[in-house]
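[1] whatever this is, show me its structure:
(chains A and B)
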Amino acid sequence: MLGNYLLRRLLWTLITLFGVTLLTFLLVFAGPTDPARALVGEKATGVSIEHVRQQYGLDQPLYVQYLTYMGRLVRGDLGDSYYFRKPVIEALLGRLPATALLAFSIMFVGCLIGIPLGIITALRQGSLLDRATMVIGLVSISLPTFFVGLLLLYCFAFQLKWFPVGGYGTLRHLVLPTLAVAIPWGAWYAILLRSNMLEAISADYVRTAYAKGLNTRVVAVRHMVRNALLPVVTIMGIDMASLLTGIVLVESVFSWPGIGMQTLQAATHLDVPLIMGSVLLGAVMIGLANLVVDIIYSWLDPRIQLG
Amino acid sequence: MTTIRVGTSQVATDKVSARPAKSWGWDVWQRFVRQKAPLGAGVVFGVLLLLALLAPVIAPHDPVQQFRKEGLSALGEPLAPNTQFWLGTDGLGRDLFSRLLYGARVSLGIGLAASAIAVLIGLLVGGIAGFVGGKIDFFLMRLVDLIMSMPTFFIILLLVVMLKPGVWVVITVISLFSWTAPARVFRSQILAVKHLDFVLAAHCLGAPQHRIFLRHVLPHVLPLVIVYLALTVPNTIFAEASLSFLGLGVPQPTPSWGSMIQDGFAYYRAAPWIALFPGTIIALTVVSINLLGTGLREAMDPMRKK
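    All right, here's what the predicted structure looks like:
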């Protein structure tokens, strides 16, 4: 059953990746900018542009370029980065650990903030904690990620000197970039979870659970939270792409040497192969995250069976 | 005495206390103004829009003029808020208050335009997918799934650089990747409406497909369109601010709230207010639009579960 499910999931991810390459290719090469010109710079002469164009195969028709790219891709070759002058795969794998660490840390801390807050505020509806969480939550999701990062940087790195202003290496470097994304992220899920919990409070199964003599805590944890988390988990899967956006921004605020920073550099230098690689890697990450979301979903809801 | 005929009997209308005729718009308006927070948010957003529109009248200084002498301290550092520069100056001696006002035109303008285009594309795609159905529906929805599972911001970055950053480029590129969520919602609403009896009736009366779509189905999606117009704006404002913050938005020296935060980033130790003002204004805008959007949703669809 599960093997069957995994197989279909893998197939869908492959189709997605194929679509991603096609769509990116079309968007990039349909644009009025000439990648060859970008490669050699603005001042280059016609002859050297022509030379570069031939060298990188940019003089071929679009479909030939695409087929060449795909042919290399299935053999695990993503081409060479124009800007970093090394294989794209090397550039990506070099930066992946930093971004993966940050992403996991954000998701972990975000859940650590969001889930308990969502539960407690729903159970203590109208309390000071509830109202404070709602107001702070609404404000924090209305702030751009990079601004939250800047605020944290000013308060905790510059004024209080608790954490370094940026960089990578120790656990202390990880705290502020994590919080910059995890606070709004967690607040958003706390708000969602709270409203689902409030819906669950008046549900029949909750009344039944009370009627058979269970105490509030057991009803809340075993019955309400489990159901209330389902839509939240779904939305977490949908939000994965925007989490990656947040990571790009926060990496540039805290000079975190990850995929995001590298992609930004690649974009400003029109490094098309590296961007293609980053987009593919991002799509794989989103696909994996959705796989995990599905597994969590089936674990939370025994009615759903993967397969 | 006025009478109307109902079957064979006559009913005196002046004895029936009928609900006075109200238009749908008036109904929505009344339900909207009854909600306190959204009404307040609407007022705040209105004021922000007005400030943006009247920027040339209100702004005390030229937003791009660099006051190298009176706008910077003796050490060449930005000035704190004072009587000449109400919110202080930035690192180049430019007046922050004027930049904030002119920045509102860029940030709000791009945010509103991009979400309007995105919602329009969403309506077109969702409308065709939902109404036509079949293979076209399948294909369009897989396209939506595909875009939603892509790290679109990476592509946005590349496209903006390729097309050379500018107001229209930023609007186009942002809207190109913001229409998917509205398209899904519009499609499901159209699916819910298209099998109802009045559509069947119109069909039986021989109305052509395009007429059924425009006159009978589309009006049922319009409330959602207005709501999603409001709910998409925060995302597009964030997208514009993010691009500007990374230096890939509307090019300097034109002010945008995002690029102003970037300007402030360089001086965050000595002059934290430079980033604080645009950051606060973005938060104020997004909070008010979010409240406005949820308020509109409640007002337009009172049957919806809270």
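[2] next, count neighbours for residue 82.
    Using chain A here. For A:Tyr82, the neighbour count with other C-beta atoms under 10 Å in any protein chain shown is 22. (C-beta placed from N, C-alpha, C; glycine too.)
[3] switch to chain B, please.
    B:Asn82: 10 neighbours (other C-beta under 10 Å).
[4] show me the contacts for it.
    B:Gly88 (C-beta atoms under 8 Å, 6 or more residues apart in numbering or on different chains).
[5] please apply the same query to A:Val64.
    A:Gly57.
[6] that one: helix or strand, and which one exactly?
    Using DSSP states H and E, A:Val64 maps to helix A:62-74.
[7] next secondary structure element downstream of that helix?
    With DSSP H and E, the next secondary element past helix A:62-74 is helix A:88-123.
[8] ok, and does that next one reach over to chain B?
    No. Against chain B, helix A:88-123 shows no contacts by C-beta under 8 Å from any C-beta of the partner chain, the least distance being 11.3 Å.
[9] shouldn't B:Leu284 be in contact with B:Phe45?
    No. With contact defined as C-beta atoms under 8 Å, B:Leu284 does not reach B:Phe45; the gap is 9.0 Å.
[10] of those two, who's got more company?
    Set B:Leu284 next to B:Phe45 and count neighbours by other C-beta under 10 Å: B:Phe45 wins out with 21 against 17.
[11] and that one, what does it touch?
    With C-beta under 8 Å, 6+ apart, B:Phe45 has these contacts: B:285, B:288-289, B:292.
[12] so which of the residues you listed belong to helices?
    B:285, B:288-289, B:292 (DSSP state H).
[13] now the residues you listed: which count as buried?
    Among those, those classed as buried by 16 or more other C-beta atoms under 10 Å in any protein chain shown are B:285, B:288-289, B:292.
[14] pLDDT of the helix holding A:Val64, averaged?
    Average pLDDT, helix A:62-74: 83.
[15] how many other residues sit next to the residue nearest to A:Leu62 when sequence neighbours are not counted?
    Of all residues not flanking A:Leu62 in the chain, A:Phe29 sits nearest, at 5.6 Å (C-beta to C-beta, 6 or more residues apart in numbering or on different chains). With neighbours defined by other C-beta under 10 Å, the count for A:Phe29 comes to 16.
[16] now A:Ile201
    Neighbours around A:Ile201, by other C-beta under 10 Å: 16.
[17] and the strands in the chain?
    Defaulting to chain A. In chain A, no strands are defined using DSSP state E.
[18] that's the other chain; I wanted chain B
    Using DSSP E, the strands assigned to chain B run over residues B:3-6, B:9-12.
[19] pLDDT averaged over the last one - what is it?
    Throughout strand B:9-12, pLDDT has a mean value of 54.
[20] now stretch A:114-124
    On average, stretch A:114-124 scores 89.
[21] leaving out the residues flanking it, which one is nearest to A:Ile136?
    Per C-beta to C-beta, 6+ apart, closest to A:Ile136 is A:Ala187, 6.9 Å.
[22] quick one: that neighbour from A:Ile49, how far?
    The gap separating A:Ala187 from A:Ile49 is 50 Å, by C-beta to C-beta, to the nearest Å.
[23] looking at these two, which one has more neighbours?
    Comparing A:Ala187 with A:Ile49 by neighbour count (other C-beta under 10 Å), the higher total belongs to A:Ala187, at 24 against 17.
[24] would you confirm that the more buried one contacts A:Ile141?
    Yes. Counting by C-beta under 8 Å, A:Ala187 touches A:Ile141, with 5.7 Å between them.
[25] tally of neighbours for residue 70?
    Assuming you mean chain A. 14.
[26] nope, chain B please
    10.
[27] same check, this time on A:Thr170
    Around A:Thr170 there are 10 residues (other C-beta under 10 Å).
[28] again with the one 3 residues further on
    Using other C-beta under 10 Å, A:His173 has 19 other residues around it.
[29] same deal with A:Ile296?
    15.
[30] got the contact list for the spatially closest residue to it that is not a sequence neighbour?
    Among residues not flanking A:Ile296 along the chain, A:Val233 sits closest, at 5.5 Å (C-beta to C-beta, 6+ apart). Taking C-beta under 8 Å, 6+ apart, we find A:Val233 in contact with A:293, A:296-297, A:300.
[31] closest one to chain B out of those, please.
    Nearest to chain B among those, counting by C-beta to the nearest C-beta, is A:Val293 at 11.7 Å.
[32] how about the helices in the chain?
    Let's take chain A. A:2-30, A:35-40, A:46-55, A:62-74, A:88-123, A:128-141, A:145-152, A:171-201, A:204-211, A:216-218, A:226-238, A:240-253, A:259-268, A:272-300.
[33] wait, I meant chain B there
    Counting by DSSP H, the helices of chain B are B:24-33, B:36-53, B:55-58, B:96-132, B:134-148, B:152-162, B:167-176, B:180-194, B:197-204, B:209-211, B:222-245, B:257-265, B:273-300.
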